[in-house]
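Asker: here's a sequence, model it:
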Amino acid sequence: MKILLIGAQGQVGFQLQRSLACLGQLHSTTRLDLDLSDISAIRSLTNDVKPDLIVNAAAYTAVDKAEQETELARQINTIAPAIFAEQAKKLAIPLVHYSTDYVFDGSKNSPWIETDVTGPLSHYGLTKLEGEQAILESECDHLIFRTSWVYDRRGHNFLNTMLRLAEERDQLNIVDDQLGTPTWSRHIADVTAQALAQVNKDESFWKRNSGIYHLSATGQTSWKGFAEAIFKLAEKDGRRVPKVNGIPTTDYPTPAKRPLNSLMDNSKLQQHFGLQLPDWQQSLQWVMQS
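Answerer: Model (predicted):
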């Protein structure tokens with residue numbers, strides 16, 4: 001199988017290079033290789049590579065900045081996925097794409113399921129939702145994985161920001177009324193590969209499994225709880241850690257609104273593929289040890 005991987009230097013894309021390498025020939029691209037605002041370049045690439053599968057891990061993820069760079073966010077999160085889906089349909093190949101928990105408004109009191117009504121609060125969430133809808137409308141074979149609070153030891157994310165701030169400050173005020181599940185990018189990549197590995201064993205795989213899936217670690221916490229868990233592990237390594245004060249979202253205004261409840265139900269993922277991610281605290285420990 002020839003796999004075209006888009007966004008190979010992102011948090012998920014970087015891990016996918018390792019996870020997908022066992023499934024076939026990998027053709028990886030980064031933003032230096034492919035301008036996702038250039039529709040003709042996207043079409044030329046897919047036509048030239050002639051892949052058996054497209055995996056799109058590229059995204060505009062600067063949630064607050066997207067409130068100003070609206071067109072760029074839409075180009076990368078909506079239009080580019082639509083073109084990949086169009087090409088996948090044309091070439092009769094499947095597409096794997098990643099979305100976000102931010103397609104929801106956070107008003108539900110229990111974990112979100114795939115069929116819940118969406119209502120993004122931010123332009124970022126809106127563009128990601130529009131990307132999902134474009135793929136569905138294309139009618140190509142697809143897997144859309146909605147992820148949550150993604151982090152790794154590389155890249156710009158909450159974990160690395162906390163470790164940096166711990167060296168600079170004695171106290172940190174962290175939001176404690178937004179709930180979600182931190183999810184390690186490596187596990188997102190591993191689940192993707194393990195799901196795709198089932199294709200060769202099931203001739204009706206895409207007919208039965210095309211759709212949207214929630215893909216997050218198990219358990220739940222707040223941003224404050226995530227920070228405290230990070231510092232607890234960092235302190236064991238002899239690192240300097242700050243005092244953490246919990247504050248409400250209203251005390252930390254940002255350009256983009258975030259959902260108060262980002263928890264997602266992963267039952268559909270388990271039912272279709274027999275896969276489940278570990279508890280977020282166990283995953284964080286593995287990341288910190290690495």
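
Asker: from here on, just use CA atoms for contacts and neighbour counts.
Answerer: Will do.

Asker: what's the helix or strand encompassing Phe14 packed up against?
Answerer: In the assignment (DSSP states H and E), Phe14 maps to helix 11-20. Here helix 11-20 touches strand 2-6, strand 25-29, helix 185-196, going by 3 or more Cα pairs under 8 Å, 6 or more residues apart in numbering; DSSP states H and E.

Asker: Ala66 against Ile76, yeah?
Answerer: No. Counting by Cα atoms under 8 Å, Ala66 stays clear of Ile76, with 10.9 Å between them.

Asker: name the residues contacting each of the two.
Answerer: Counting by Cα atoms under 8 Å, 6 or more residues apart in numbering, the common neighbours of Ala66 and Ile76 are Tyr60.

Asker: one step back: could you dump the helices and strands packed on helix 11-20 to CSV with distance to Val12 and mean neighbour count?
Answerer: Listed next are those as CSV, based on distance: least, Cα to Cα, whole Å; neighbours: other Cα atoms under 10 Å:
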stretch, distance to Val12, mean neighbour count
strand 2-6, 10, 21
strand 25-29, 13, 17
helix 185-196, 5, 20
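
Asker: just put these in JSON lines and tack on mean pLDDT and distance to Leu233.
Answerer: Supplementary listing: these in JSON lines, determined by pLDDT from 0 to 100; distance: least, Cα to Cα, whole Å:
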{"stretch": "strand 2-6", "mean pLDDT": "97", "distance to Leu233": "33"}
{"stretch": "strand 25-29", "mean pLDDT": "96", "distance to Leu233": "34"}
{"stretch": "helix 185-196", "mean pLDDT": "97", "distance to Leu233": "19"}
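
Asker: with distance to Ser110 added, can I get those in JSON lines?
Answerer: As requested, these are exported to JSON lines (distance: least, Cα to Cα, whole Å):
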{"stretch": "strand 2-6", "distance to Ser110": "33"}
{"stretch": "strand 25-29", "distance to Ser110": "38"}
{"stretch": "helix 185-196", "distance to Ser110": "22"}
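
Asker: out of those, which is closest to Asn209?
Answerer: Among the helices and strands packed on helix 11-20, the nearest to Asn209 by Cα to Cα is helix 185-196 (9.9 Å).

Asker: right, and the helix or strand after the closest one?
Answerer: helix 205-209.

Asker: separation between Arg74 and Tyr213?
Answerer: 22 Å (Cα to Cα, to the nearest Å).

Asker: and for Asp33, the neighbour number?
Answerer: Counted with other Cα atoms under 10 Å, residues neighbouring Asp33 total 12.

Asker: neighbours of Asp152, how many?
Answerer: So Asp152, with other Cα under 10 Å, has 21 neighbours.

Asker: show me what the one helix or strand Glu235 maps to packs onto, helices and strands only.
Answerer: For Glu235, the element it lies in under DSSP H and E is helix 223-236. Helix 223-236 sits against helix 158-166, strand 171-175, strand 243-247, helix 280-289, with contacts defined as 3+ Cα pairs under 8 Å, 6+ apart.

Asker: I'm done for today, thanks for sticking with me.
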